[in-house]
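Trainee: just a sequence and a predicted model for now, questions to come.
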Amino acid sequence: MRLSRVAGSSVALLATVAMMACGSTSGGSSSSGNNPINIGVFADITGPVSVYSVSQLQGIQLAVHEVDSSGGVLGHPIQIQVKDTASDAKQAPDAARALAADSSVLALIAGGTSDSVLQASPVAGQLQIPMIASSSFNKFQPGQLSDWTFRCASTEVDGLKAFMSKVQTLQPFSRLAIIYDGGNAFPTAEKDTLVQLASSLNYQVVDTEAASSSAVDYSTPLTKIAAAKPDLIWNGLIGAGAAAFMIQARARGISTHFVGGQTIASPSVFSLAKAAGEGTYTLLPFVASDPNPNVQAFDTLFQQFYGKAPDSYNALGYAAAMVLFEAIKKTGKADRSALRTTLTHFSYAGPTGQITFNGGPNNVNSNWTAVQVVNGGWKVV
């Protein structure tokens, strides 16, 4: 199938997102005269973590275009309705409630943070609407999420031990300093996990600094980190804040290698950080150079549509949408309760690996690849 390339893709996408966030709807092209299957999406379209949600929306839009170009789902085109949660997890329940209140909305896609998913999950349960989370990496305790919630991304903390062991073989370290966004549960959980792993991986956590990803000046935590003399620094800030921290660290003469998780795992972070981010290690759920046929098919599709290479969050958004669309097909009808039953035991192989639900809310597979930033791009290590 040949897709038409989107001219000026970034500008076009942002304009579309802005229109949808104002309450408009958007779907892929379809010649079908049938009523559309409506899907509600809430995501952080604006604010400090918007770069991740906007990338996911690109993936979702591509999935919509792909299925609609092939006749839709159950013969119906897909239409999405988007609510902006503005990088504020507290807005997620209201966004989910507003979307779910429309009886024509079959399911929700949560394209925000793990905090947003946690806060919106009770709403999905109360209103009995399936909610697919595309990029929720936190590890939650049993019972924290309603049985109407399904998380496609692998839990990051479960992959941290293998990742940090890999980093040790590449960049031996014994003294780890950690800076993290103390106002966000996900980087806080990363910090806690790294502290717990210290004894088993034979390193010492010499300093932990809580900071805001929206800060302008990181001189205070950098002074404390430098005094602790680490030989590796975990960067758990988010987006532009993570980039600013690396730039300011290098400006102060701190040459220690950086490492980080999903809060920094976006090309946009290293586009901002430039030389300051070179050599950083992180882990990804998707790497475009992976020879896996599902990865290569998505990479080709995305480049034909947007005229640029996809990133991990593009792939996460696409995979979550395709899980939903394939589950609707398997269900055979547009019914919330029946769709939930299908999702409870469901599997899909896509660009982020195998996604499998086995009676619970979490993808039971762990799909991570260790990479290093080299010349502004990812190098598998």
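Mentor: Good, I have the coordinates. Numbering: from 1, shown residues only.
Trainee: would you map the helices across the chain?
Mentor: Across the chain, reading from the start of the chain, the helices by DSSP state H fall at 9-21, 50-69, 92-100, 114-127, 157-170, 185-197, 219-228, 240-251, 267-273, 293-306, 312-331, 336-344.
Trainee: let me have those helices in JSON lines, extended by mean pLDDT and mean neighbour count.
Mentor: For every residue, glycine as well, the C-beta is placed using N, CA and C. JSON lines is the format used below for these (pLDDT from 0 to 100; neighbours: other CB atoms under 10 Å):
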{"stretch": "helix 9-21", "mean pLDDT": "44", "mean neighbour count": "15"}
{"stretch": "helix 50-69", "mean pLDDT": "96", "mean neighbour count": "25"}
{"stretch": "helix 92-100", "mean pLDDT": "98", "mean neighbour count": "22"}
{"stretch": "helix 114-127", "mean pLDDT": "96", "mean neighbour count": "22"}
{"stretch": "helix 157-170", "mean pLDDT": "94", "mean neighbour count": "16"}
{"stretch": "helix 185-197", "mean pLDDT": "95", "mean neighbour count": "19"}
{"stretch": "helix 219-228", "mean pLDDT": "98", "mean neighbour count": "16"}
{"stretch": "helix 240-251", "mean pLDDT": "97", "mean neighbour count": "21"}
{"stretch": "helix 267-273", "mean pLDDT": "94", "mean neighbour count": "20"}
{"stretch": "helix 293-306", "mean pLDDT": "97", "mean neighbour count": "17"}
{"stretch": "helix 312-331", "mean pLDDT": "97", "mean neighbour count": "26"}
{"stretch": "helix 336-344", "mean pLDDT": "98", "mean neighbour count": "18"}
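Trainee: of the ones you listed, give the one that comes closest to Ile39.
Mentor: Proximity to Ile39, assessed across those by CB to CB, is greatest for helix 312-331 (6.9 Å).
Trainee: export the helices of the chain to CSV and append columns for distance to Val373.
Mentor: CSV is the format used below for the helices of the chain (distance: least, CB to CB, whole Å):
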stretch, distance to Val373
helix 9-21, 21
helix 50-69, 16
helix 92-100, 31
helix 114-127, 24
helix 157-170, 13
helix 185-197, 18
helix 219-228, 20
helix 240-251, 10
helix 267-273, 5
helix 293-306, 19
helix 312-331, 13
helix 336-344, 36
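Trainee: right, and the ones you listed - which one's nearest Trp148?
Mentor: helix 114-127 (4.3 Å).
Trainee: nearest to Ser212, of the helices of the chain?
Mentor: Among the helices of the chain, the nearest to Ser212 by CB to CB is helix 240-251 (7.1 Å).
Trainee: could you point out which of the helices of the chain sits nearest Gln372?
Mentor: With distances scored as CB to CB, the stretch of those nearest to Gln372 is helix 157-170 (7.6 Å).
Trainee: can I get the closest one in PDB, CA atoms only?
Mentor: Extracted as PDB, the C-alpha positions of helix 157-170 are listed here (Å, rounded to 0.1, in the frame of the first residue of the first chain):
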ATOM      1  CA  VAL A 157      12.000  -0.900  36.100                       C
ATOM      2  CA  ASP A 158      11.900  -4.600  35.400                       C
ATOM      3  CA  GLY A 159      14.400  -4.000  32.600                       C
ATOM      4  CA  LEU A 160      16.700  -1.700  34.600                       C
ATOM      5  CA  LYS A 161      18.900  -4.400  36.200                       C
ATOM      6  CA  ALA A 162      19.800  -5.900  32.800                       C
ATOM      7  CA  PHE A 163      20.300  -2.400  31.300                       C
ATOM      8  CA  MET A 164      22.600  -1.200  34.100                       C
ATOM      9  CA  SER A 165      24.600  -4.400  34.000                       C
ATOM     10  CA  LYS A 166      25.100  -3.800  30.300                       C
ATOM     11  CA  VAL A 167      26.200  -0.200  31.000                       C
ATOM     12  CA  GLN A 168      28.700  -1.500  33.500                       C
ATOM     13  CA  THR A 169      30.400  -3.600  30.900                       C
ATOM     14  CA  LEU A 170      30.600  -0.700  28.500                       C
END
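Trainee: which elements pack onto that helix?
Mentor: Here helix 157-170 touches helix 185-197, strand 281-284, strand 369-374, going by 3 or more CB pairs under 8 Å, 6 or more residues apart in numbering; DSSP states H and E.
Trainee: any idea how far the residue nearest to Ile78 when sequence neighbours are not counted is from Asp88?
Mentor: By the measure of CB to CB, 6 or more residues apart in numbering, the closest residue to Ile78 outside its immediate chain neighbours is Val64, 4.8 Å from it. Applying CB to CB, to the nearest Å, one obtains 26 Å for the distance of Val64 from Asp88.
Trainee: for Phe150, same thing?
Mentor: Separation of Phe150 from Asp88 (CB to CB) stands at 23 Å.
Trainee: circling back: for Asn362, find the nearest of the helices of the chain.
Mentor: Comparing the helices of the chain under CB to CB, the one sitting nearest is helix 157-170, at 9.7 Å.
Trainee: quick one: contacts of that closest one?
Mentor: Counting contacts by CB atoms under 8 Å, 6 or more residues apart in numbering, the residues outside helix 157-170 that touch it are 137-139, 173, 189-190, 193-194, 197, 200-201, 203, 232, 259, 261, 281, 283, 366, 368, 370, 372, 381.
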